[in-house]
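Student: build me a model:
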Amino acid sequence: MLSAMTKRLLYGFLALAIVVAGGGLGYYLIGGGRWSIGDCLYMTVITVTTVGYGEVLPGMDSLHYARAFTVILLLFGTGTIVYFASTITAFIVEGDLKNVLFVSKLKKRMKRMKQHVVVCGAGSTGRNVIEELIKTGVPVIAVDTREAELKDIADKFPKAEYTYIVGDATDDDVIAQCNLDGARGLVAALSSDKDNLYLTVSARQSNPNARIVARCAELSHVEKIKRSGADAVVSPNYIGGMRLVSELLRPAVVRFLDDMLRDRRAAYRIEELKLGDNLTKVGETLRDARVRERYGMTVLAVRGRDAAGWTYNPDASEKLGPGMTLVVLGSAEQVAAFRAETEAS
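Tutor: Predicted structure coming up:
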């Protein structure tokens, strides 16, 4: 689909081409073939552009209709030239102005962001991470050297709390613009394990409390990246292998999870919630909390602050306490509502 400005530019060009072709043909017919097509077109061009070279067609002053045709050609031709020139100017100015306003909007949005996630890399892995964070209502700052990929995401989610920086994520000056001090986490999704290792070290120094998740292609590098400061390391090759097995042994479960992720009616996800010290709004047990009735979520598992393992499919009499983690199934809105009242700061 062509934009409105592109259509205007195309219409202006066609109108100008019709005027030039019509003028050249008109002079040729008026002269009865005494002038060549090339000369007639030249006369038309210098007329509509108001160059002022004079009448370049020999004997033109002796023909009764030649000058009358020139007057008409001037009226139509000058108007067409002005329209075409103004369209080109608007096309250039509007494009530049739009880019300036868009960049300014991104910078303002970046300054307002708090508890955001920085995603370094917008390739095949990073882009999926960015889009999933946007769908679940998490503010995102993306960093990549390819502006086209980053802008494509912005166009796809125009109302999302998303902004980006074009540059190399391993450059300290670039990553410093991401406000890592106020970020809740960072995803190192660069293609090179070495770059992800360096990024992990740099991010951990900038924000000791942020949760850092790194991509790792080689399983032998997993422990190195963990020791460098990553809270979790994900190997796409390993995850891919596990997915193949799941598709083989439990296809219905896999389809359920996929359908849940793709459901546009409500972005249901399996989320974790951490209880704060003030439990007066929650209650002493799951029965008192009434998570299902109040928020529409289902509690799948719970784990105490000092517990070693999970309690799956907990009973309504399960006691709640500060620091306890709940794994729930719910929409982004339901999770946000619960967090607003209960999660630890």
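Student: the strands in the stretch 101-250 of the chain, which residues?
Tutor: Remark: strands assigned in the stretch 101-250 of the chain by DSSP state E, counting those that start in this stretch are 117-120, 140-144, 162-166, 185-188, 211-215, 232-234.
Student: tell me which of these sits nearest to Thr49.
Tutor: strand 162-166 (41.1 Å; Cβ to Cβ). All C-beta spots, glycine's among them, are computed from the backbone N, C-alpha and C.
Student: the closest one vs strand 140-144, what angle?
Tutor: 20 degrees (axes from the mean of the first three to the mean of the last three Cα atoms, to 10 degrees).
Student: so what strands line up beside strand 162-166?
Tutor: Note on strand 162-166: by DSSP bridges, its sheet partners are strand 140-144 (parallel).
Student: contacts for the strand it pairs with?
Tutor: 110, 113, 116-123, 126, 130, 133-134, 150, 153, 160-167, 169, 174-175, 178-179, 183 (Cβ atoms under 8 Å, 6 or more residues apart in numbering).
Student: quick check on those residues: which are buried?
Tutor: 110, 113, 116-122, 126, 130, 133-134, 150, 153, 160-166, 169, 174-175, 178-179, 183 (16 or more other Cβ atoms under 10 Å).
Student: helices and strands of the protein: which one has the lowest mean pLDDT?
Tutor: In the chain, no helix or strand scores lower on mean pLDDT, DSSP states H and E than helix 66-112, which sits at a mean of 77.
Student: Arg204 and Ala188: what is the separation?
Tutor: 11 Å (Cβ to Cβ, to the nearest Å).
Student: follow-up on the earlier one: turn the strands of the stretch 101-250 of the chain into JSON lines, columns for mean pLDDT and distance to Asp259.
Tutor: JSON lines is the format used below for the strands of the stretch 101-250 of the chain (pLDDT from 0 to 100; distance: least, Cβ to Cβ, whole Å):
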{"stretch": "strand 117-120", "mean pLDDT": "95", "distance to Asp259": "25"}
{"stretch": "strand 140-144", "mean pLDDT": "94", "distance to Asp259": "24"}
{"stretch": "strand 162-166", "mean pLDDT": "91", "distance to Asp259": "25"}
{"stretch": "strand 185-188", "mean pLDDT": "95", "distance to Asp259": "25"}
{"stretch": "strand 211-215", "mean pLDDT": "95", "distance to Asp259": "25"}
{"stretch": "strand 232-234", "mean pLDDT": "94", "distance to Asp259": "23"}
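Student: show the contacting residues for the residue nearest in space to the middle of the chain.
Tutor: Geometric centre of the chain, nearest residue: Ile153, 1.9 Å, by Cα atoms, centre = their mean. Ile153 makes contact with Ala122, Arg127, Ile130, Glu131, Ile134, Ala142, Tyr162, Tyr164, according to Cβ under 8 Å, 6+ apart.
Student: just Asp61 next, same as before
Tutor: Neighbours of Asp61 in contact, by Cβ under 8 Å, 6+ apart: Glu55, Arg67.
Student: what about the helices in the stretch 101-250 of the chain?
Tutor: 124-135, 147-156, 172-175, 193-206, 222-227, 236-249 (DSSP state H, counting those that start in this stretch).
Student: most packed of those?
Tutor: Highest mean neighbour count among these (mean count of other Cβ atoms under 10 Å): helix 193-206, with a mean of 20.
Student: same for that helix, what does it pack against?
Tutor: Judged by 3 or more Cβ pairs under 8 Å, 6 or more residues apart in numbering; DSSP states H and E, the packing partners of helix 193-206 are helix 172-175, strand 185-188, strand 211-215, helix 222-227.
Student: in CSV: those, plus distance to Arg67.
Tutor: Converted to CSV, these look like this (distance: least, Cβ to Cβ, whole Å):
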stretch, distance to Arg67
helix 172-175, 66
strand 185-188, 74
strand 211-215, 76
helix 222-227, 83
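Student: which one of those lies closest to Pro251?
Tutor: strand 211-215 (26.7 Å).
Student: buried residues, the closest one. List them.
Tutor: Buried, per 16+ other Cβ under 10 Å, within strand 211-215: Ile212, Val213, Ala214, Arg215.
Student: tally of neighbours for the nearest residue in space to Gly182 that is not next to it in sequence?
Tutor: Closest residue in space to Gly182, ignoring its immediate chain neighbours: Lys114 at 5.4 Å, by Cβ to Cβ, 6 or more residues apart in numbering. For Lys114, the count of nearby residues is 9 (other Cβ atoms under 10 Å).
Student: can you report phi and psi for Tyr42?
Tutor: phi -60, psi -40 (degrees, to the nearest 10).
Student: quick check: closest non-adjacent residue to it.
Tutor: Val56 (6.6 Å).
Student: state the distance from the one you found to Gly31.
Tutor: Counting by Cβ to Cβ, the gap from Val56 to Gly31 is 12 Å.
Student: with neighbour numbers in mind, choose between the two.
Tutor: The neighbour comparison of Val56 against Gly31 (other Cβ under 10 Å) goes to Gly31, with 19 against 13.
Student: look up how far Met43 lies from the more buried one.
Tutor: From Gly31 to Met43 the distance is 10 Å (Cβ to Cβ).
Student: give me the common contacts of those two.
Tutor: Leu57, Met60.
Student: sorry, back to before: Arg250: which of the strands of the stretch 101-250 of the chain is closest?
Tutor: strand 232-234 (20.8 Å).
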